[in-house]
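Participant: got a sequence here, can you build the structure:
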Amino acid sequence: MKPLEGTHVLDFTQVLAGPLCTQYLGDLGAEIIKVEPVGKGDDTRQWPPFREGFGAVFLNVNRNKRSLALDLKNPESRPIVRSLVEKTDVVIESFAGGVTERLGIDYETLRSINPKIIYCSVSGYGRSGPMKDARGYDLILQAFSGILSMTGHPGSGPTRVPLSPIDQGTGMHALSGILAALINRSKTGKGCFLEVSLFETAVGFLGFNLESYWARGQLPAKSGSGHESLCPYQVFQASDDLVLLGIANNNHWERFCKLVGREDLLADPRFATNADRVAHFEVTIEIVQDIMATRTRSEWLALLQNIGVPCSPVNTVADVMNEPQTKARGIIVDYDHPQLGCHKAIAHPVQFENVTRKVRLPPPRLGQHTAEILREAGLSEADIGRLRETRTIETAET
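Facilitator: Numbers count the residues shown, from 1 in each chain. Below is the predicted model of the structure:
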């Protein structure tokens, strides 16, 4: 049995942060109803690249969900929402400010229907403050938070962090908040309102960069693959390819110097401690680069791993798919998709004892489960047909 079996979630989110949160809830056993606009669905359904008409971003964060295509602007949708909310544990939304009130799906309205509801609001900048109504996307917040000012190499322009870390981090913060709220409700019997924002996720990610700024009064500098608090801790060019050398403490440094026959560096006060090496960053990196250029990447990896010095090849995503560790951990799973056939997915990153990682439901077509969900809510076939005719709903067959 999965931890969240029997938990019902009504998902009004789109794009990445909210859908990642609800996908993880679904991975943990929750039943997710994904409410999508009639006609177009989640924005990411239209984001390339496509495979047989399915957008890759949509496929990535929408497994283990059922799709209900519903026009929330149509007053006829409100009794449907009310019926669903009565049996729902968690509601999550990511609308712009004021929209939930206009649609009648704000926290106060839904709490009056189900006092035990847990309601999570996802936004760009939070629901208060002068920017509460501003649109926020991952890259916008990378810029606004100062993250883009630190990326790239010295002298270069801003470099986008390509993983959408703020979106994904916000989704994980929403997940942790919802799980905490479920635990709290099990103790108190009370629901609650919680919110997460891309802005606060981004500021939270600044972490030690802000601590460094407060301590030194200097803006963090661009450092490429390097680290302002550790040295040498970055990518180096071996004789044939790139290798990441991660000397994170003085013990690692001592092992490295003895390995390469440079015990003289241990006696040099410029390199005696990590703080000394950081203070003499450029000369340290120059010396280590000269050393690293003397052997191939595979030679370095074997030598460094043998003495316990952290290191890694600089893999491509194709490389990591072929790594034995990837197969051993089972982080990539295959599932059957009715249109795509055998398809790969990144499994839920948390492994539970005696629970098999698998996809229960493939990412749905728009409105694939509309009729099914409405029947469960007590609507007749005649009601469903009428709602389809008025475009209040959409089913996959139409």
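Participant: please enumerate the strands of this structure.
Facilitator: 8-12, 31-36, 50-51, 54-55, 66-70, 90-93, 118-123, 192-197, 233-237, 242-246, 311-313, 332-337, 341-346, 393-394 (DSSP state E).
Participant: show me the contacts for the residue positioned nearest the centre of the chain.
Facilitator: The residue lying closest to the centre of the chain (C-alpha atoms, centre = their mean) is Q168, at 2.1 Å. Contacts for Q168 (C-beta atoms under 8 Å, 6 or more residues apart in numbering) come out as L16, A17, L20. (Each C-beta comes from the backbone N, C-alpha and C, glycine too.)
Participant: make it 6 Å
Facilitator: L20 (C-beta atoms under 6 Å, 6 or more residues apart in numbering).
Participant: look up how far L16 lies from it.
Facilitator: 7 Å (C-beta to C-beta, to the nearest Å).
Participant: again, but for P338
Facilitator: 24 Å.
Participant: ok, the two, which is more surrounded?
Facilitator: Legend: neighbour count by other C-beta atoms under 10 Å for P338 and L16, higher for L16 (26 against 9).
Participant: which parts of the stretch 151-300 of the chain are helices?
Facilitator: Along the stretch 151-300 of the chain, counting by DSSP state H, counting those that start in this stretch, helices occupy 165-188, 198-216, 250-259, 264-267, 274-279, 281-292, 297-306.
Participant: gap between the shortest one and the chain center?
Facilitator: Relative to the chain's own centre, helix 264-267 is displaced by 43 Å; criterion: C-alpha atoms, centre = their mean, to the nearest Å.
Participant: then the second one?
Facilitator: How far helix 198-216 lies from its chain's middle: 19 Å, per C-alpha atoms, centre = their mean.
Participant: check the last one too.
Facilitator: In terms of C-alpha atoms, centre = their mean, the centre of helix 297-306 is set 32 Å apart from its chain centre.
Participant: ditto for stretch 167-178
Facilitator: 8 Å.
Participant: show me what counts as buried in that stretch.
Facilitator: D167, Q168, G169, T170, G171, M172, H173, A174, L175, G177, I178 (16 or more other C-beta atoms under 10 Å).
Participant: pLDDT (mean, whole number) over that stretch?
Facilitator: The average pLDDT within stretch 167-178 is 99.
Participant: CA atoms only for it, dumped as PDB, please.
Facilitator: Taking Å, rounded to 0.1, in the frame of the first residue of the first chain, the C-alpha atoms of stretch 167-178 are listed here in PDB:
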ATOM      1  CA  ASP A 167       9.500  25.700 -10.800                       C
ATOM      2  CA  GLN A 168      10.600  22.300  -9.700                       C
ATOM      3  CA  GLY A 169      11.700  23.500  -6.200                       C
ATOM      4  CA  THR A 170       8.300  25.300  -5.800                       C
ATOM      5  CA  GLY A 171       6.500  22.000  -6.600                       C
ATOM      6  CA  MET A 172       8.500  20.200  -4.000                       C
ATOM      7  CA  HIS A 173       7.900  22.900  -1.400                       C
ATOM      8  CA  ALA A 174       4.200  22.600  -2.200                       C
ATOM      9  CA  LEU A 175       4.400  18.800  -1.800                       C
ATOM     10  CA  SER A 176       6.100  19.100   1.600                       C
ATOM     11  CA  GLY A 177       3.600  21.700   2.800                       C
ATOM     12  CA  ILE A 178       0.700  19.500   1.700                       C
END
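Participant: relative to K132, which of the strands of the chain is closest?
Facilitator: Nearest to K132, of all the strands of the chain, is strand 118-123, at 7.5 Å by C-beta to C-beta.
Participant: pull that closest one out as CSV, backbone CA atoms only.
Facilitator: Provided in CSV are the C-alpha atoms of strand 118-123 (Å, rounded to 0.1, in the frame of the first residue of the first chain):
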residue,chain,number,x,y,z
ILE,A,118,-6.3,21.6,2.6
TYR,A,119,-5.9,24.4,0.0
CYS,A,120,-2.5,25.1,-1.6
SER,A,121,-2.0,28.2,-3.6
VAL,A,122,1.0,28.4,-6.0
SER,A,123,2.0,31.8,-7.4
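Participant: now do that strand against helix 165-188, angle only.
Facilitator: Strand 118-123 and helix 165-188 meet at an angle of 160 degrees, taking axes from the mean of the first three to the mean of the last three C-alpha atoms, to 10 degrees as the criterion.
Participant: strands paired with strand 118-123, and their directions?
Facilitator: Sheet partners assigned to strand 118-123 using DSSP bridges are listed as strand 90-93 (parallel), strand 192-197 (parallel).
Participant: buried deepest among those, which one?
Facilitator: strand 90-93 (a mean of 26; mean count of other C-beta atoms under 10 Å).
Participant: contacts for that one?
Facilitator: In contact with strand 90-93 (C-beta under 6 Å, 6+ apart) are residues 9-13, 18, 100, 110, 117-121, 178.
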